[in-house]
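> Fold the stuff below for me.
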Amino acid sequence: MTLVLLLVCTTVLFALAAVVRPALDGDAPERRTLAAVERVASLVRAGAASVIPEGHSWLHGPGPLPAGAAAGSAWPLRRWLSVRDGRAFEERLPLDGWGRAVAVIPVTSEGPRALLVVSAGPDGVMQSSSVFGIGGDDIGQVIFRHRSG
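Numbering: from 1, shown residues only. Below is the predicted model:
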């Protein structure tokens, strides 16, 4: 009886390991999205002296734009990063874990000081905004830039 119980417990442990292990290994889209958001946030922090060009309200990385985001008011993140130092930005920008663009949105209540770096999350619909911050199932972070002068 003890041997049978031991075999059943061992089988259950192996079955759980097969389910839990991929999420811990960074295979899950959420994990890849967090890494993409962090990478974009670090690039945006380095470009702190630049502002989003007139007539545009947010920046976007490569890939399909999330639903719910106004495509006409977007500016490519790669161009924004090139403007900051006057030369072409060559580094590959990451997609979120679902293959979509990561967005950079100014937080209006903080003036030009704070930015949301955000993915539209699993549903692909951007629910974050410049007024209300990160919303819905979106995955992101708020970064603060130092005021110049």
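> any weak-confidence spans in this protein?
Scanning the chain with the threshold set as pLDDT under 70 gives 3-27, 47-50, 84-86, 110-112, 146-149.
> I figured residue 117 was touching residue 43, is that so?
No. The pair residue 117 / residue 43 is not scored as a contact, 9.2 Å apart, by CB atoms under 8 Å. All C-beta atoms are positioned from the backbone trio N, CA, C, and that covers glycine.
> out of the two, which sits in the busier spot?
residue 117 (28 against 20; other CB atoms under 10 Å).
> how much space between that one and residue 126?
According to CB to CB, to the nearest Å, residue 117 and residue 126 sit 13 Å apart.
> residues shared between the contacts of the two?
Common contacts of residue 117 and residue 126 (CB atoms under 8 Å, 6 or more residues apart in numbering): residue 103.
> tell me the SS of the residue nearest the centre of the chain?
Nearest to the mean C-alpha position of the chain, by CA atoms, centre = their mean, lies residue 37 at 3.0 Å. Going by DSSP: H, G, I helix; E, B strand; the rest coil, the secondary structure assigned to residue 37 is helix.
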